[in-house]
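1. Just to be clear, the model below is a prediction. Sequence and coordinates:
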Amino acid sequence: MIQVSLPDGSIREYAPGVSSMEVAKSISEGLAKKVLAAEINGEVWDLSRPLNENVSLKLLTWDDSTGKNTFWHSSAHLMAEAIEALYPGVKFWVGPALDQGFYYDMDLGDQQIGEDDLVAIEQKMQELAKQNNAYERIEISKKDAVSYFFEKDDPYKLDLLHNLEDGQITFYKQGSFTDLCRGPHIPNTGHIKAIKLTNVAGAYWKGDEKNKQLTRLYGVTFPNSKLLDEYIQMVEEAKKRDHRKLGKELGIFCFDDDVGQGLPLWMPNGTIIIEELEKLAKETEEDAGYKRVVTPHIAKESMYLTSGHLPYYQDSMYPPMELDGTKYYLKAMNCPHHHKIFDAEPRSYKDLPLRLAEYGTCYRYEQSGELFGLMRVRCLHMNDAHIYCTREQFGDEFRAVNDMYLKYFNIFGIDKYVMRLSLHDPAKLGQKYIDEPELWKETEAMVRNVLIESNIPFVEVQDEAAFYGPKIDVQIWSAIGREFTLATNQVDFAQGKRFNLSFNSAENKPEIPLIIHRAPLGTHERFIGFLLEHYAGKFPLWLAPCQVKLLPISDKFMDYCRSVHKQLRAAGIRAEIDDRNEKIGKKIRDTELSKVPYMFIIGEKEMNENAVSLRIQSQGDQGMKPVAEIVESMREQILNRTSS
């Protein structure tokens, strides 16, 4: 008999060869109907695969992110089957699951798919889904796999096979569709009840502009129609909150072809938001004992070879510049520069922890097909810091970083979040990860213990660590329920050794510090993109570029209007006067559209009583109030950074 350990701590015994689906049925028939895949010792498997040894098993449903991921990847295969039936001769590249839904890249030859064709494809998918066809895993030799796709004259799959090793290749088949795929998949197509194809786009093969452009078709599916209806409603709301649309309307940022793709220009309103975020970070970090530094935007190749970044990240770095035989790279990360600052002076255990902070500008050459507004850019300003500490100090320092995240979540009204603890894969030591097996175990356990002790919600994910240590990816949800990756919090046990960093211990012996990489506010680009959606452009008072707009009813009240403006400016409040020759109704409507938090309407009665008529964004008319009273209230909100 083999032992199967379940998440609740219970252990069940089964005969070898039992499948995860059979385990699910032995627990509950209701569970068996809902389960989509199985997590076996941290790896996601098909439910039909046999278990032949003792395992740790988690049964995955729609409520698990990996369950959704498996559901959507299987849906991509269903979409491919439908397209192959409707567009004979089509050739497929890759069809991954996304955070919401899936896509498939395909070469349609002389055929085309347009927006008008999506309904027909959806209907074909529905027809195929109702056939309840099983997703069948087929292990195949490399020779036979190459032969199969050679006969299909499919250069895309042959290219994928080129980098795969014999003995590790699988096909998946459902209905009439067979594809090269490592899986896993849901049990059958019948789980897919609601289907929506969302977009057709172009995508260069392998993301390279020099390659052929393929057709990329996006879709999303659900196990019931109610979830699809909720998704469509969320999408409609998201369109209103699209950070690219709001960024243009509110004068936050822009792009220009002469500057370059993925290189945002921050306009005056956006720059105010940046400066407010930096002010918050600097105040918070100063209170926490950080020291600020500034580093150059370029560095010699030798430093990135020492750090190990070039071998791992060269494809994401801009090409080098060469001067007098020396190569220089645009800075893609701040950490090596900070390590050099640590090493610039002798360090003692009494100097630790040393916390170096910088809002550093980095440049990363993201593929053009992956650029997306502020969310994926090539120039980014990172709320970066590196903490150098002893092993004894690590727990307190890592906990303090997490506390900083929680403080920011409270300020910005972020109610839903989870930490993704990214671990290494022991099989990839020396390739994808630094070859220090004991240090991996030790640091992963340290991070896990801090999260457990702090009672912070987290999930563990295999094979997603940084090459130099485990990390936490911070996932947050906006007000309408969309998930974003905010930032990372990383443990580094390798860079100290690579840069020969050391401090004198209490025993007067050199020791290598542990390093924590952290960026609680992520980058200006990604975080402001998130905030635009989260607030729908209606920033809280402290963060709004223009905090109050003064609206005189006519020019004869301009002198009083200017005196109020002067009071506001003296109090540190960002204020503007709308002196256009327009009716007051239009001024109010325009100010509402520009999402300014406060409006002061000024006429004869207000002037005579040294007051203003106050309107607040989303709250409407508040009546006439003394200027001094409103100013004091606004100053308090700004000082406390209240979210409403």
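-> Perfect, I can see it now. Nothing here was measured: the structure is a model prediction, and the numbers come from that model.

2. Helices along the stretch 251-400 of the chain, start to end?
-> Assigned by DSSP state H, counting those that start in this stretch, the stretch 251-400 of the chain shows helices spanning 268-287, 301-307, 309-313, 335-343, 391-412.

3. mind giving me CSV with the ones you listed and columns for mean pLDDT and mean neighbour count?
-> Any C-beta I mention is one placed from the backbone N, CA and C, and that applies to glycine too. CSV is the format used below for the helices of the stretch 251-400 of the chain (pLDDT from 0 to 100; neighbours: other CB atoms under 10 Å):
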stretch, mean pLDDT, mean neighbour count
helix 268-287, 97, 16
helix 301-307, 93, 17
helix 309-313, 80, 16
helix 335-343, 96, 20
helix 391-412, 92, 18
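
4. out of those, nearest to R498?
-> R498 sits nearest to helix 301-307 of all the helices of the stretch 251-400 of the chain, at 5.7 Å, using CB to CB.

5. How far off centre is that closest one?
-> 28 Å (CA atoms, centre = their mean, to the nearest Å).

6. And stretch 602-611, by the same measure?
-> 49 Å.

7. returning to that earlier point: between the helices of the stretch 251-400 of the chain, which one is nearest to I584?
-> It's helix 268-287; of the helices of the stretch 251-400 of the chain, that one is closest to I584 (CB to CB) at 23.8 Å.

8. Can you name every helix or strand that that closest one contacts?
-> When contacts are defined as 3 or more CB pairs under 8 Å, 6 or more residues apart in numbering; DSSP states H and E, helix 268-287 packs onto strand 354-363, strand 379-389, helix 391-412, helix 524-534.

9. Just tell me which of those ends up closest to K206.
-> strand 354-363 (21.9 Å).

10. what lines up beside that closest one in the sheet?
-> Partners of strand 354-363 in the sheet, by DSSP bridges, are strand 291-292 (parallel), strand 379-389 (antiparallel).

11. as a whole number, average confidence for the first one?
-> Strand 291-292 shows a mean pLDDT of 97 in the predicted model.

12. which residues touch that strand?
-> K282, E285, L354, R355, L356, A357, E358 (CB atoms under 8 Å, 6 or more residues apart in numbering).

13. which of the strands paired with strand 354-363 is buried the deepest?
-> Scoring the strands paired with strand 354-363 by mean neighbour count under mean count of other CB atoms under 10 Å gives strand 379-389 as the most buried, with a mean of 24.

14. CA atoms only for it - export them in CSV, please.
-> As requested, the backbone C-alpha atoms of strand 379-389 are provided in CSV (Å, rounded to 0.1, in the frame of the first residue of the first chain):
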residue,chain,number,x,y,z
CYS,A,379,12.3,52.3,-18.4
LEU,A,380,11.2,51.8,-14.8
HIS,A,381,11.7,53.7,-11.5
MET,A,382,12.0,51.2,-8.7
ASN,A,383,11.3,51.7,-5.0
ASP,A,384,14.4,49.6,-4.3
ALA,A,385,16.4,48.8,-1.2
HIS,A,386,18.9,46.2,-0.1
ILE,A,387,19.3,45.1,3.5
TYR,A,388,22.6,43.6,4.6
CYS,A,389,22.2,41.6,7.8
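
15. so how far is that strand off the chain centroid?
-> Per CA atoms, centre = their mean, the centroid offset for strand 379-389 relative to its chain is 17 Å.

16. Now for the chain, the helix or strand with the poorest mean pLDDT.
-> helix 309-313 (a mean of 80; mean pLDDT, DSSP states H and E).

17. How far does that one sit from its chain's centre?
-> 21 Å.

18. And that helix, what does it pack against?
-> helix 301-307.

19. Check which helices and strands the helix it packs on is in contact with.
-> Using 3+ CB pairs under 8 Å, 6+ apart, helix 301-307 is in contact with helix 309-313, strand 326-330, helix 335-343, helix 495-498.

20. Repeat the analysis, applying 7 Å as the threshold.
-> strand 326-330, helix 335-343, helix 495-498 (3 or more CB pairs under 7 Å, 6 or more residues apart in numbering; DSSP states H and E).

21. Can I get the contacts of strand 291-292 in JSON lines including distance to F409?
-> JSON lines is the format used below for these (distance: CB to CB, whole Å):
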{"residue": "K282", "distance to F409": "19"}
{"residue": "E285", "distance to F409": "17"}
{"residue": "L354", "distance to F409": "26"}
{"residue": "R355", "distance to F409": "21"}
{"residue": "L356", "distance to F409": "24"}
{"residue": "A357", "distance to F409": "19"}
{"residue": "E358", "distance to F409": "23"}
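
22. Out of those, who's the most crowded?
-> A357 (24 neighbours; other CB atoms under 10 Å).

23. can you pull the pLDDT of it?
-> The model reports A357 with a pLDDT of 97.

24. these two touch, right, it and A385?
-> Yes: if you go by CB atoms under 7 Å, A357 and A385 touch, sitting 3.9 Å apart.

25. Check the contact lists of these two and give me the overlap.
-> Residues touching both A357 and A385 (CB atoms under 7 Å, 6 or more residues apart in numbering): E285, Y290.

26. Which secondary structure elements does the helix or strand harbouring K68 sit against?
-> Assigned by DSSP states H and E, K68 belongs to helix 65-86. With contacts defined as 3+ CB pairs under 7 Å, 6+ apart, helix 65-86 has these neighbours: strand 37-40, strand 55-60, strand 102-107, helix 118-129, strand 170-174, strand 177-180, strand 213-222.

27. that older thread, out of the strands paired with strand 354-363, nearest to A15?
-> strand 379-389 (50.6 Å).

28. What's the mean pLDDT across the closest one?
-> Rounded mean pLDDT across strand 379-389 is 95.

29. Touching that strand from outside, list them.
-> Under the contact criterion CB under 7 Å, 6+ apart, strand 379-389 has outside partners 263-264, 281, 285, 290, 334-335, 338, 342, 352-364, 397, 513-525.

30. does the most centrally placed residue in the chain have beta-bridge partners, and which?
-> What sits nearest the mean C-alpha location of the chain, by CA atoms, centre = their mean, is T485, with 2.4 Å. With DSSP bridges as the criterion, T485 is bridged to Q475.

31. what pLDDT does it get?
-> pLDDT, T485: 86.

32. Secondary structure element for R244, which one?
-> For R244, the element it lies in under DSSP H and E is helix 243-249.

33. Okay, buried residues for that helix please.
-> Residues H243, R244, L246, G247 are the ones in helix 243-249 that count as buried (16 or more other CB atoms under 10 Å).

34. Of the helices and strands packed on helix 65-86, give the one that comes closest to I638.
-> I638 lies closest, by CB to CB, to one member of those: strand 213-222, at 40.9 Å.

35. what stretches of the protein score poorly on pLDDT?
-> Under the criterion pLDDT under 70, the flagged ranges of the chain are 644.

36. switch to 80 and redo it
-> Counting by pLDDT under 80, the ranges of the chain that qualify are 311-312, 368-369, 431, 434, 466-468, 643-644.

37. Against the centre of it, work out the most remote residue.
-> Most distant from the centre of the chain: N608, at 53.2 Å, with distances by CA atoms, centre = their mean.

38. End to end on stretch 58-70, go ahead and measure it.
-> With CA to CA, to the nearest Å as the measure, stretch 58-70 spans 14 Å from end to end.

39. Could you tell me how far that stretch lies from the centre of the chain?
-> In terms of CA atoms, centre = their mean, the centre of stretch 58-70 is set 19 Å apart from its chain centre.
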